[in-house]
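Asker: no FASTA, just this:
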């Protein structure tokens, strides 16, 4: 089978996981993990690359496309890896260790779903860029796309967790805890990995050297700046 | 990893056996009501202490990474210092609070022996450091990517708070299960009938009943938890620095001044200024 067709079929499978009894997972756990990681890499790179085209693709700006393509899957997977140990210990303490393999598969499948949703929003972002957007607005718009994709991916996560919650109600709390930990770490990771879009007036770099500061404070300032300027 | 502690041969390295012990603890295998009937939890305190030291060193290393990239006094010494200090913090706090705990425990006529109390506390410590070490990667990540010293300090305080709270919840739950477990001498006697007054020695304050742990004992432990938290916080202050103020050169200890609670208060204020 054409590998691209296979990829899209897997993407479709991830979105429809658990939505009907016919879609119960026939494949093994390891292959499910492998598929999820593959999807995160493929679709994450696609959206990341698109993000990076803001400053154009001529000359050295093509590197921004490459860097951003690498950074989106890196953001998701690094955040996942950092958040997993504490989640593992919490699950064990609540007696949920037996389900943990299933939990990991569900979490990765959710992230795969997130990248698929993001990739589907890529045309919207491209349109935003083409319509002539300021740099700060482009950042916020991409943030918005990530937010939309993340919220939509929660749909998937809840569906994955439903049978787990039926088995053991404590999973409901674990679900909420995961989201808190993941978002908390993810925001700082996104900040550290910047630039994703790349200020067109600044040289293309993988990391920015300046301001290793706290992500939360900086984003609030940025929102404030944009809203007060456009008013 | 379904194995009882003595089942494997001595071919297995000690550190692996120690982690297996911790794993059993975290999964709740040592605090099942059936195994609590003997009046103590079934852990090996030596193995568990070994694991606790290793895991707290891991967390200490994560704390110390903040100083690796600090602007003025970048130093790898802080990593080493914190790796020594975090285990010291826990064990010194236990050492300070254990004698009074045991004495009050015996005074209210608890059937918990010294060994049982030690096992309970080491098990609680095991839970605390397991949670702590699992949060270590997140702390290390924030430490190397943030320059805000107040933020990192408070973040570490919160992490210790979370770990300590979960450890205390474990202790409370284990004590609760110990009260539900009946002593082995009266396996089928219902809870209302009195135990033979001559079968077990009791303290002067104890009402004779056949439950393993009386209300008084649980109150003692609850008070102990508060004392442990307070002593631990102040011990942390005495042993400082763990993170390392970027504006000051590395030292093993800072001078004796102020106390933990004032310092946290000032740090919160400086975060907003």
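Answerer: Cool, got the structure. All of these numbers come straight from a predicted model, not from anything done at the bench.

Asker: any idea how far chain B is from residue A:143?
Answerer: According to Cβ to the nearest Cβ, to the nearest Å, residue A:143 stands 19 Å off from chain B. To be clear about C-beta, it is placed using only N, CA and C from the backbone, and glycine gets the same treatment.

Asker: would you mind listing the buried residues in the host helix or strand of that residue?
Answerer: Assigned by DSSP states H and E, residue A:143 falls within helix A:135-167. Of the residues in helix A:135-167, A:135, A:138-142, A:145-146, A:149-150, A:152-153, A:156-157, A:159-161, A:164 count as buried by neighbour count, 16 or more other Cβ atoms under 10 Å in any protein chain shown.

Asker: model confidence for residue 146, exactly?
Answerer: This is for chain A. Residue A:146 is assigned 90 on the pLDDT scale.

Asker: please refer instead to chain B.
Answerer: So residue B:146 comes in at 81 (pLDDT).

Asker: that one - how many residues pack around it?
Answerer: Look at residue B:146: counted by other Cβ atoms under 10 Å in any protein chain shown, it has 20 neighbours.

Asker: the one 3 residues further on too?
Answerer: In terms of burial, residue B:149 registers 18 neighbours under the definition other Cβ under 10 Å.

Asker: ok, it touching residue B:248?
Answerer: No - here residue B:149 does not reach residue B:248: they are 10.1 Å apart, not a contact under Cβ atoms under 8 Å.

Asker: residue ranges of the helices in chain B, please?
Answerer: Using DSSP state H, the helices of chain B run over B:14-27, B:33-36, B:45-64, B:77-107, B:114-145, B:149-180, B:215-238, B:260-272.

Asker: which residues of chain B lie near chain A?
Answerer: B:23, B:26-28, B:69, B:127, B:130-131, B:133-138, B:141-142, B:145-148, B:151, B:166, B:170 (Cβ under 8 Å from any Cβ of the partner chain).

Asker: which of those residues are buried, as a ChimeraX select command?
Answerer: Buried members of those, defined by 16+ other Cβ under 10 Å, are picked up in ChimeraX with:
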select /B:23,26,27,28,127,130,131,133,134,135,136,137,138,141,142,145,146,148,151,166,170
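
Asker: which secondary structure element contains residue A:50?
Answerer: helix A:29-51.

Asker: got the buried residues for that helix?
Answerer: Buried-residue list, helix A:29-51, by 16+ other Cβ under 10 Å: A:32-33, A:35-37, A:39-51.

Asker: next to chain B, which bits of chain A? Give me the list.
Answerer: Residues of chain A found near chain B (Cβ under 8 Å from any Cβ) are A:81-83, A:85-86, A:88-90, A:92-93, A:95, A:97, A:181, A:185, A:188-189, A:191-192, A:212-214.

Asker: now the buried members of these.
Answerer: Applying 16+ other Cβ under 10 Å to those flags A:82-83, A:85-86, A:88-90, A:92-93, A:97, A:181, A:185, A:188-189, A:191-192, A:212, A:214 as buried.

Asker: now, those residues that are in helices?
Answerer: Using DSSP H, those in helices are A:82-83, A:85-86, A:88-90, A:92-93, A:181, A:185, A:188-189, A:191-192.

Asker: re earlier: residue A:14 is nearest to which of the helices of chain B?
Answerer: Closest to residue A:14 of those is helix B:114-145 (Cβ to Cβ; 26.8 Å).

Asker: which secondary structure elements does that closest one contact?
Answerer: Judged by 3 or more Cβ pairs under 8 Å, 6 or more residues apart in numbering or on different chains; DSSP states H and E, helix B:114-145 is in contact with helix A:61-93, helix A:170-192, helix B:14-27, helix B:45-64, helix B:77-107, helix B:149-180.

Asker: show me where pLDDT drops low in chain A?
Answerer: Chain A contains residues with pLDDT under 70 at A:1, A:18-27, A:209-214, A:216-221, A:230-231.

Asker: wait, residue A:94 touches residue A:172, no?
Answerer: No - judged on Cβ under 8 Å, residue A:94 makes no contact with residue A:172 at a distance of 11.0 Å.

Asker: name the nearest residue to residue 80, ignoring sequence neighbours.
Answerer: Here I'm looking at chain A. Using Cβ to Cβ, 6 or more residues apart in numbering or on different chains and skipping the chain neighbours, the partner closest in space to residue A:80 is residue A:111 (6.5 Å).

Asker: switch to chain B, please.
Answerer: Here the residue nearest residue B:80, using Cβ to Cβ, 6+ apart, is residue B:64, at 7.2 Å.

Asker: touching, that neighbour and residue B:84? I think so.
Answerer: No - counting by Cβ under 8 Å, residue B:64 does not reach residue B:84; the two are 10.0 Å apart.

Asker: output the below-cut-off pLDDT ranges for chain B.
Answerer: Looking at chain B by pLDDT under 70, you get B:1-12, B:33, B:38-39, B:70-74, B:181-213, B:272-273.
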